[in-house]
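Participant: Let me see the structure of the following:
(4 chains)
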Number of protein chains: 2
Amino acid sequence: MLFPARTLAGVAGTAGLRERKKAATRQALHEAAVRLATRDGYDHVTVEAIADAATVSRRTFSNYFSSKEEAFVYGDLERIRRLLDLVHDRPPREKPWPALLRAVEEFTAGSDGLDPEELAERRELRRHPSLLPYQLAVYAAVERDLAAEVARRMDGGPDALLRSRLIAATFLTALRVATQQSLDEPAEPIGALIRRSVALVAG
Amino acid sequence: MLFPARTLAGVAGTAGLRERKKAATRQALHEAAVRLATRDGYDHVTVEAIADAATVSRRTFSNYFSSKEEAFVYGDLERIRRLLDLVHDRPPREKPWPALLRAVEEFTAGSDGLDPEELAERRELRRHPSLLPYQLAVYAAVERDLAAEVARRMDGGPDALLRSRLIAATFLTALRVATQQSLDEPAEPIGALIRRSVALVAG
DNA sequence: CTGTCGCTTGCACAGTGTGCAACATTGCTC
DNA sequence: GAGCAATGTTGCACACTGTGCAAGCGACAG
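Facilitator: Residues are numbered from 1 along each chain as shown, chains lettered A, B, ... in the order given. Sure, this is the predicted structure:
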């Protein structure tokens, strides 16, 4: 599996020392990867170096991520999952687009002034073409879950399945385009850009 | 570059023996890859085997595709590029969505009854998660070009850049979702599904 | 304390992608 | 056509990746 579904244990805040330790290691590996990339340049980072920086063996790295690229985009995956949680927490009878719009507002509310340092890092990484496919895979990984959530908020009707998938996919596409756009125009704060982008595609 | 822009020479039907030979080799490699995958299973296909089947060295394979995965999805890339050509050939003053809808109609008109054999092949390949990121990259590869085409058909206005990108991305997303959907419900002809899907997102 | 379970590690191995230099082919000029 | 420059192909070497396997180690329940 490219991006395994998050386990129940992972969802709960506290969930046994074992699970928390694994989460910490995963996070450490991800951060080490990003750190090394900003220091030495993405192309020069090897799995061995990442594992070393996280004081773990090369073999263990592979137990956590099935490829180097996955380790890099893990942060994005977590971000999107947080957004998904927000959608999930909207009132259950709220219609799809309102729920999505509100969730995005909540999501972007706090993080409007993101750490400029972290932003620079992400910018640097997104430039690298070999990472692009995996960036996209992150969105795809949550698309089915989001579609299910959307379907739950729809009144059946014809093409319900297709429509729910389209809404989910379109929404995520708006997020992605806004994020990419913010690379070209660093002037506008990314939160506003995302809200505007999603509003434009909301049916 | 992940998917290099098609050269001018590649566009023209005839363009020197050199270019045509290269195109033939690329196509041969792609077809060999797919053929071997359907015969031996995707996981058991090695670059060496593909190169052999196309009577070319392993090194030469790498001159044409920067990874094994790219060779597999090359067919999809070509398909989408054909669709892009159709969009490009629409009357220049036609608005974005009408142009896209018409292009899709032309595109799906002929191929409604696709080769069932080829369909089975593609189905098999799409199942493989390690290929998913590269399937997505194919769409991303043409997204910027399509956005430019869309922008050309828009009357400026505020957010013109963002809106053109969103239209292009949304359109391609509709294509992708329809294609994926057709894997789960092989009953409906894929052409109709695509037309319906695009119609649903057309603004 | 002890056995069990799950995680980590090292090792070996097949594959991959790439720089490089030698070699072959193409297509242009005369 | 002959000669030539550009372009394409190949083999080789090399560093890196991902994975199966078996041994080791620590956490934790009984």
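Participant: Can you name the residues in contact with stretch A:49-58?
Facilitator: Contact partners of stretch A:49-58, identified using CB atoms under 8 Å, 6 or more residues apart in numbering or on different chains, comprise A:25, A:28-29, A:32-33, A:35-36, A:47-48, A:60-61, A:68, A:71. Any C-beta I mention is one placed from the backbone N, CA and C, and that applies to glycine too.
Participant: low-scoring stretches of chain A, by residue?
Facilitator: A:1-17, A:111-115 (pLDDT under 70).
Participant: what's the burial count for the closest residue to DNA strand D within chain A?
Facilitator: Nearest residue of chain A to DNA strand D: residue A:67, at 3.1 Å (CB to the nearest atom of the strand). Summarising burial for residue A:67: neighbours were counted as other CB atoms under 10 Å in any protein chain shown, giving 14.
Participant: just residue A:198 next, same as before
Facilitator: Each residue near residue A:198 was counted by other CB under 10 Å, and the total is 25.
Participant: That one - nearest residue in space that isn't next to it in sequence?
Facilitator: residue A:174 (4.6 Å; CB to CB, 6 or more residues apart in numbering or on different chains).
Participant: Residue A:199 sits in which helix or strand?
Facilitator: helix A:190-201 (DSSP states H and E).
Participant: buried sites along that helix?
Facilitator: Counting neighbours by 16 or more other CB atoms under 10 Å in any protein chain shown, one finds that the buried residues in helix A:190-201 are A:190-191, A:193-198, A:200-201.
Participant: cool, and stretch A:172-184?
Facilitator: A:172-182.
Participant: Kindly report the same for stretch A:47-61.
Facilitator: A:47, A:50-51, A:53-54, A:56, A:61.
Participant: Identify all contacting residues around the helix holding residue A:199.
Facilitator: Where contact means CB under 8 Å, 6+ apart, the residues beyond helix A:190-201 that reach it are A:100-101, A:104-105, A:108-109, A:111-112, A:114, A:119, A:170-171, A:173-175, A:177-179, A:181-182, B:159, B:162-163, B:166, B:170.
Participant: Distance from the helix or strand where residue A:61 lies to the middle of the chain?
Facilitator: For residue A:61, the host element (DSSP H and E) is helix A:58-64. For helix A:58-64, the distance from its own C-alpha centre to the chain's C-alpha centre is 21 Å (CA atoms, centre = their mean, to the nearest Å).
Participant: same question, stretch A:145-165
Facilitator: For stretch A:145-165, the distance to the chain centre is 22 Å (CA atoms, centre = their mean).
Participant: circling back to that earlier point, what's downstream of the helix holding residue A:61, the next helix or strand?
Facilitator: helix A:68-88.
Participant: Buried by neighbour count: which residues of the helix or strand containing residue A:119 qualify?
Facilitator: According to DSSP H and E, residue A:119 maps onto helix A:116-126. Applying a neighbour-count criterion of 16+ other CB under 10 Å, one finds A:121-122, A:125-126 buried in helix A:116-126.
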